[in-house]
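*Asks:* here you go, sequence then predicted model.
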Amino acid sequence: MAGPPVIIWAQEVERLLHCRELVPRLEAALGKFSRRDSAEVIQPVRSTVPLQKHNGFMGLMPTYMENDGVLCTKFVCFYSRQEGSTLPGTQATVVLLDAEYGNVKAVMDGDVITGMRTAAVSAISAKLLMRPEAEVLAILGTGHQALSHYNVFTEMFPFKEVRVWSQSRQRAERFRQSVGGPVKICLSVEEAVRGADAIVTVTKCTEPVLFGRWVKPGAHVAAVGACRPNWRELDDVLMKGAVVYVDSREGAMAEAGDVILSGAEVFAELGDVINGTKPAHREKTTVFKSLGMGVEDAVSAQLVFDQWTDGK
Ligand SMILES: NC(=O)C1=CN([C@@H]2O[C@H](COP(=O)(O)OP(=O)(O)OC[C@H]3O[C@@H](n4cnc5c(N)ncnc54)[C@H](O)[C@@H]3O)[C@@H](O)[C@H]2O)C=CC1
Ligand SMILES: O=C([O-])C1=[NH+]CCC1
């Protein structure tokens, strides 16, 4: 008989999950996903339930990796909170199951996983699509994803300058104090992104905040917010002028307002580039439109579980 599930909360997940081990697993998972082989990955598009009364959504993200013996789902609730609200903007829980018995093996905090795997996938997009001589990184937004992206990007790339923009100067100051390295606070999006080689958009805005006319030709943009079909972070000029990569074509056509409303063509999935079936156009302006995938949570949770089981 199966034993009770283990519970692994945020501090433990944080201790066990590291970018250097996670990145190669995510690269492999993105490649497997893009092969569309059901023995490698079954991952339906996220089911999303509106939580109208609370101005939010619950996303359910199941994934089965038969060859790897990984069965997992994440529940993620995300909200558009009022300015000044002290309630969390995102809350996620990841559940790992035994595929043969169907019992739950582990329940773990999903916030640390969501922060780290999203930033790590954005960093993989930069590894593939950003110019190697990139020096300046601009981050738009100063919330949880901004922090995880700062940490992962500065660990993986030798940027000479990191700029940040927030709607509020106070939040930008708080962000600067919370990170381990130097950050230049910019008072406008334009000031932050002009001349930047890499731009990360991690805002909760629903209208475009990043305009193509400010973006340096050849820059790479990792667009992480705007995860609903009617939400935007990037304008049409940028979407139509760039080569657009996504994590999942089906996800992008169902959920990415920046893709759906601009009518921009999706050139490839990141997994196609990893598999060598589509080129990485580093010489052009590139956008990676990220929505987040269950397979990313599954490999992250399996890594945490394996480390936990090994008693690390
Ligand atoms: N692609 C993916 O895999 C994932 C995407 N997300 C999305 O990333 C975005 C950021 O998430 P978190 O950092 O967790 O949120 P957060 O609530 O911690 O931070 C949100 C940031 O957006 C800013 N913001 C809010 N409204 C804005 C507006 N109208 N214009 C400009 N900035 C605005 C806030 O000041 C804050 O800096 C959200 O849209 C979230 O849904 C989150 C998890 C995974
Ligand atoms: O992949 C994810 O966890 C999410 N994407 C959008 C909100 C949460």
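*Replies:* Cool, got the structure. Ligands and ions are numbered 1, 2, ... in the order given.
*Asks:* the residue of the stretch 51-200 of the chain found nearest ligand 1 and residue 284: what is the separation?
*Replies:* Closest to ligand 1 within the stretch 51-200 of the chain is residue 143: 1.9 Å, counting by C-beta to the nearest ligand atom. No exception for glycine: its C-beta is placed from N, CA and C like everyone else's. Separation of residue 143 from residue 284 (C-beta to C-beta, to the nearest Å): 29 Å.
*Asks:* buried sites along stretch 252-266?
*Replies:* By neighbour count on 16 or more other C-beta atoms under 10 Å, the buried set for stretch 252-266 is 252, 255-262, 264, 266.
*Asks:* whoops, stretch 231-249 was the one
*Replies:* 231-236, 238-239, 241-248.
*Asks:* could you do stretch 220-230 as well?
*Replies:* Neighbour counts over stretch 220-230 (16+ other C-beta under 10 Å) mark 220-229 as buried.
*Asks:* gap between the two ends of that stretch?
*Replies:* Terminal residues of stretch 220-230 lie 23 Å apart, using C-alpha to C-alpha, to the nearest Å.
*Asks:* show me how far that stretch is from its chain's centre.
*Replies:* Taking the mean of its C-alpha atoms, stretch 220-230 sits 9 Å from the chain's own mean (C-alpha atoms, centre = their mean, to the nearest Å).
*Asks:* what of stretch 42-56?
*Replies:* Here the centre of mass of C-alpha atoms in stretch 42-56, compared against the chain's by C-alpha atoms, centre = their mean, lies 17 Å away.
*Asks:* buried stuff in it?
*Replies:* 42-43, 45-46, 48, 56.
*Asks:* and ligand 1, which of these reach it?
*Replies:* Residues of the buried residues of stretch 42-56 in contact with ligand 1 (C-beta under 6 Å from any ligand atom): none.
*Asks:* of the buried residues of stretch 220-230, which are in range of ligand 2?
*Replies:* residue 227.
*Asks:* any chance of CSV for the buried residues of stretch 220-230, columns distance to residue 19?
*Replies:* Output for these, formatted as CSV (distance: C-beta to C-beta, whole Å):
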residue, distance to residue 19
220, 19
221, 21
222, 15
223, 21
224, 16
225, 21
226, 25
227, 22
228, 28
229, 31
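*Asks:* filter the buried residues of stretch 220-230 down to the ones in strands?
*Replies:* 220-223 (DSSP state E).
*Asks:* nearest to ligand 2 among those residues?
*Replies:* Minimum separation from ligand 2 among those (C-beta to the nearest ligand atom) is found for residue 223, which lies at 11.8 Å.
*Asks:* wait, is residue 151 part of a helix?
*Replies:* Yes - under DSSP: H, G, I helix; E, B strand; the rest coil, residue 151 falls within a helix.
*Asks:* leaving out the residues flanking it, which one is nearest to it?
*Replies:* Residue nearest to residue 151 in three dimensions, not counting chain neighbours: residue 119, with 6.9 Å by C-beta to C-beta, 6 or more residues apart in numbering.
*Asks:* quick one: the one you found and residue 154 touch, right?
*Replies:* No - the pair residue 119 / residue 154 is not scored as a contact, 10.5 Å apart, by C-beta atoms under 8 Å.
*Asks:* what kind of secondary structure is residue 145 in?
*Replies:* helix.
*Asks:* for it, which residues are in contact?
*Replies:* Counting by C-beta atoms under 8 Å, 6 or more residues apart in numbering, residue 145 touches 115, 118-119, 202, 224-225.
*Asks:* same question, residue 189
*Replies:* Here residue 189 is in contact with 140, 165, 209-211, 214 (criterion: C-beta under 8 Å, 6+ apart).
*Asks:* in what helix or strand does the residue in the chain that ligand 2 sits nearest to lie?
*Replies:* Nearest residue of the chain to ligand 2, counting by C-beta to the nearest ligand atom: residue 292, 1.9 Å away. Per DSSP states H and E: residue 292 is located in neither a helix nor a strand.
*Asks:* what about the nearest residue to it once chain neighbours are set aside, how many neighbours?
*Replies:* Spatially, and ignoring its direct neighbours in sequence, residue 292 is nearest to residue 118 (5.9 Å; C-beta to C-beta, 6+ apart). Look at residue 118: counted by other C-beta atoms under 10 Å, it has 25 neighbours.
*Asks:* now the one 4 residues further on
*Replies:* Close neighbours of residue 122, defined as other C-beta under 10 Å, add up to 28.
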